[in-house]
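Chemist: take a look and give me a structure for this.
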Amino acid sequence: MKKIIIILSMLILVSACSMGRTVTSCTKGKDPKECLSKLAQKNNAQAQLKLGDMYYDGYDYKQAVYWYKKSANAGNAEGQEKLGNMYDKGYGISEDYRIAAQWWEKSADQGYAPAQFDLGMLHDILREYPLAIQFYEKASKQHYGKATCRLGVLYFKGIFVERDDRKAIKYFLKSAEEGYYESQAIMAGYYIYGYENIVKIDYKKGFDLSMALAKHKKGRADAIDNLTYIYGIQKQNLKSYAWYLVSRKCPEDPEKLNVPHYIENLKATLSTDKKQQALVLCKKYQEQIKPAD
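Modeler: Numbering: from 1, shown residues only. Predicted structure coming up:
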């Protein structure tokens with residue numbers, strides 16, 4: 001009997017692994033939509049989810065809802081969360097935050113951190129702060145940086161809880177370490193400029209966080225400004241100017257640029273050769289902050 005149970009368990013495991021590989025191979029194939037459609041029609045919840053994602057990215061929200069709903073009804077936690085988002089935003093379906101919340105609850109009950117965050121935000125908006133904090137803490141325990149950051153904001157602003165800057169900064173730092181770009185931006189700024197008696201200036205930490213931030217599309221401009229400043233304040237004018245050129249997309253002829261007064265002053269310290277080196281560095285820096293695909 002034991003042998004039969006072990007063999008059955010192994011067959012189930014192999015089948016599950018095979019299914020995962022099939023969905024992955026579909027997404028990397030020549031015609032992922034057709035490949036995923038075949039799997040989705042066989043009630044593969046993960047394929048239904050990925051197909052929904054493809055339609056969502058193509059702005060075909062009705063088809064996205066159709067496939068997210070299939071995946072959600074099959075019990076896929078990510079599909080449930082994304083279906084809730086569609087109801088919340090009114091994308092491809094009538095807006096209804098109550099139905100959105102129902103799907104988020106199903107997903108959150110499975111321990112899916114983004115859904116826990118969604119419910120936290122909903123209760124936050126409704127000013128039901130004890131419930132909001134409860135859901136943020138659940139998501140934060142799973143290292144979901146967005147939720148950790150929001151806890152930091154609540155303590156920083158003293159919303160429902162007593163204001164506590166030190167506790168807020170601990171949450172921002174944790175969130176930054178979890179990879180959330182908004183917290184990386186906050187903490188990079190604190191390390192570069194300091195914050196009261198809580199965060200001392202530390203250009204190395206500011207640099208590291210800015211480099212991480214630069215790989216996020218939404219944080220890139222702030223990160224490049226930080227890096228330009230860090231090198232400038234340390235009188236490393238060549239590198240400072242190179243980072244400024246990154247913000248201008250490494251133009252072939254930088255001399256034609258209209259630049260701020262402080263950059264003009266910085267350029268005045270560089271020889272023609274150094275300016276050429278800055279352009280070479282610019283292209284190197286561009287590669288360093290290219291998001292990994």
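
Chemist: the bottom helix or strand of the chain by mean pLDDT?
Modeler: helix 2-28 (a mean of 53; mean pLDDT, DSSP states H and E).

Chemist: that helix: what's the following helix or strand?
Modeler: Sequence-wise, the next helix or strand downstream of helix 2-28 (DSSP states H and E) is helix 32-40.

Chemist: and the helix or strand just after that next one, which residues are buried?
Modeler: As assigned by DSSP H and E, the chain's next helix or strand after helix 32-40 is helix 45-57. Under the neighbour-count criterion of 16 or more other Cβ atoms under 10 Å, helix 45-57 has Ala45, Gln46, Ala47, Gln48, Leu49, Lys50, Leu51, Gly52, Asp53, Met54, Tyr55, Tyr56 buried. Placement of C-beta: from N, CA and C, glycine included.

Chemist: over to stretch 219-232?
Modeler: Buried residues in stretch 219-232, counting neighbours by 16+ other Cβ under 10 Å, are found at Gly219, Arg220, Asp222, Ala223, Ile224, Asn226, Leu227, Thr228, Tyr229, Ile230, Tyr231, Gly232.

Chemist: the fourth one falls within a strand, correct?
Modeler: In this case it means Ala223. No: counting by DSSP: H, G, I helix; E, B strand; the rest coil, Ala223 is not part of a strand but helix.

Chemist: how near is it to Ser183?
Modeler: Going from Ala223 to Ser183 by Cβ to Cβ, to the nearest Å gives 13 Å.

Chemist: how about Tyr244, nearest residue that isn't a chain neighbour?
Modeler: Excluding its sequence neighbours, the residue lying closest to Tyr244 (Cβ to Cβ, 6 or more residues apart in numbering) is Thr228, at 4.8 Å.

Chemist: pull the contacting residues for the one you found.
Modeler: Each residue near Thr228 by Cβ atoms under 8 Å, 6 or more residues apart in numbering is listed here: Ser240, Trp243, Tyr244, Ser247.

Chemist: same thing but at 6 Å, please
Modeler: Listed by Cβ atoms under 6 Å, 6 or more residues apart in numbering, the contact partners of Thr228 are Ser240, Trp243, Tyr244.

Chemist: pick the one among those closest to Gly179.
Modeler: Trp243 (22.1 Å; Cβ to Cβ).

Chemist: hmm, Leu227 and that closest one touching each other?
Modeler: Yes: the criterion here is Cβ atoms under 6 Å, and Trp243 meets it with Leu227 at 4.3 Å.

Chemist: cool, thanks, signing off.
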